[in-house]
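In: model the structure of this input:
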Amino acid sequence: MGRLDGKIAVVTGAGSGNGRGMAVAFAQEGADVVIADVDPAGMEETARLVKQQERQALVQHCDVSKRDEVYRLIASAVEQFGRVDVAVANAGVAEQNTNCFEMTEAEWDRTVDINLKGVFFTLQAGANQMRAQGKGGRLIAIASIMAEWGSAATPAYCASKGGVKQLVKSFAQAGGPLGITCNGIGPGFIDTNMTVRLRELPQVRDMLIDRTPVGYIGDPADVANVAVFLASDESRFMNGTIVYPDGGILAGNFSNTLRLAQETLRGQATGQ
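Out: Presented below is the predicted three-dimensional model:
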């Protein structure tokens, strides 16, 4: 406890899943948290959980694909708390099994606008505030194991997460001399709303578990634990790195299993 005492953390996509897990974990470690999302009910629930840790919570609607809203988010954090020490670019979406041959421009744009452009805006706005403060800071971007793999069923998601990996390296170089580190987290299969379609079919869920060396699907706490470390002073010499809490999936050849899982989902959708 207390690894983030006195810190101010901004977390996008904090209304559920990994974002909520990180917000609450930061509060448990002593940080006050700015909770950003587009879901009012989700944000209020996260705020309630943060306040249960006897820390302050500020709720702020933010569509990360819009630059003005992201900069307004950071400005609100500064107005409320005086500074920003940690900025987490977590907000993201995944297209619903639209493959390379069928994806529309609108589907591509929505995924890339949120997952990549939104991450850029969040890192940029956070970094500019930290630079103005002159005391360094921590930038964290949420990537994915799909930053390392390709998938015919989710091309925009894979492309956006690969882009996040490169953004982390770019901001690490820009911010490092100023004491502003930038690292990423690439979760494997975690028990969140984004993976529910993969987990709700027993044959797919069992396949995922069987091919994950640790033998189970992860929990948002597994991502949050990494985030706390990257937000703390303990990670001061880490910069430009992606940490993969994935149960060991990337240690083996999982791409064929993922393809089979996605084909099963497509078959369910078409009644085959």
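In: buried residues of stretch 161-177, list them for me.
Out: 161, 162, 163, 164, 165, 167, 168, 171, 172, 174, 175 (16 or more other C-beta atoms under 10 Å). The C-beta positions use only the backbone N, C-alpha and C, and glycine is treated the same way.
In: mind listing which of the residues you listed are in helices?
Out: Among those, DSSP state H puts 161, 162, 163, 164, 165, 167, 168, 171, 172, 174, 175 in helices.
In: dump the residue contacts of the last one.
Out: With contacts taken as C-beta atoms under 8 Å, 6 or more residues apart in numbering, residue 175 has the following neighbours: 127, 130, 131, 137, 139, 181, 182, 239.
In: try it again at 10 Å.
Out: 123, 126-127, 130-131, 136-139, 181-182, 239-240 (C-beta atoms under 10 Å, 6 or more residues apart in numbering).
In: same check on the third one?
Out: Residue 163 makes contacts with 112, 115, 116, 117, 119, 120, 143, 147, as judged by C-beta under 10 Å, 6+ apart.
In: just the pLDDT for residue 97.
Out: pLDDT, residue 97: 64.
In: one more: the one 10 residues further on?
Out: In the predicted model, residue 107 carries a pLDDT score of 93.
In: next secondary structure after whichever helix or strand it is part of?
Out: Using DSSP states H and E, residue 107 maps to helix 105-112. Helices and strands here follow DSSP H and E; after helix 105-112, the next one along the chain is helix 118-133.
In: pull the helix or strand that that following helix is followed by out as CSV, backbone CA atoms only.
Out: Using DSSP H and E, the helix or strand that follows helix 118-133 in sequence is strand 137-142. Listed next in CSV are the C-alpha coordinates belonging to strand 137-142 (Å, rounded to 0.1, in the frame of the first residue of the first chain):
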residue,chain,number,x,y,z
GLY,A,137,5.6,11.8,-14.9
ARG,A,138,4.3,8.4,-16.1
LEU,A,139,2.5,7.7,-19.4
ILE,A,140,0.9,4.3,-19.9
ALA,A,141,-0.8,3.1,-23.1
ILE,A,142,-2.9,-0.1,-23.3
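In: packing partners of strand 137-142?
Out: strand 8-12, helix 17-28, strand 86-89, helix 118-133, helix 155-175, strand 180-185, helix 220-231, strand 242-243 (3 or more C-beta pairs under 10 Å, 6 or more residues apart in numbering; DSSP states H and E).
In: tell me which helix or strand in the protein has the weakest average pLDDT.
Out: Least confident helix or strand of the chain, by mean pLDDT, DSSP states H and E, is helix 255-270 with a mean of 60.
In: now do the buried residues in the helix holding residue 107.
Out: 108, 111, 112.
In: what's the pLDDT at the last one?
Out: For residue 112, the model assigns a pLDDT of 97.
In: spatially nearest residue to residue 20, not counting backbone neighbours?
Out: Leaving aside its sequence neighbours, residue 20 sits nearest to residue 46 (C-beta to C-beta, 6 or more residues apart in numbering; 4.6 Å).
In: noted, bye for now.
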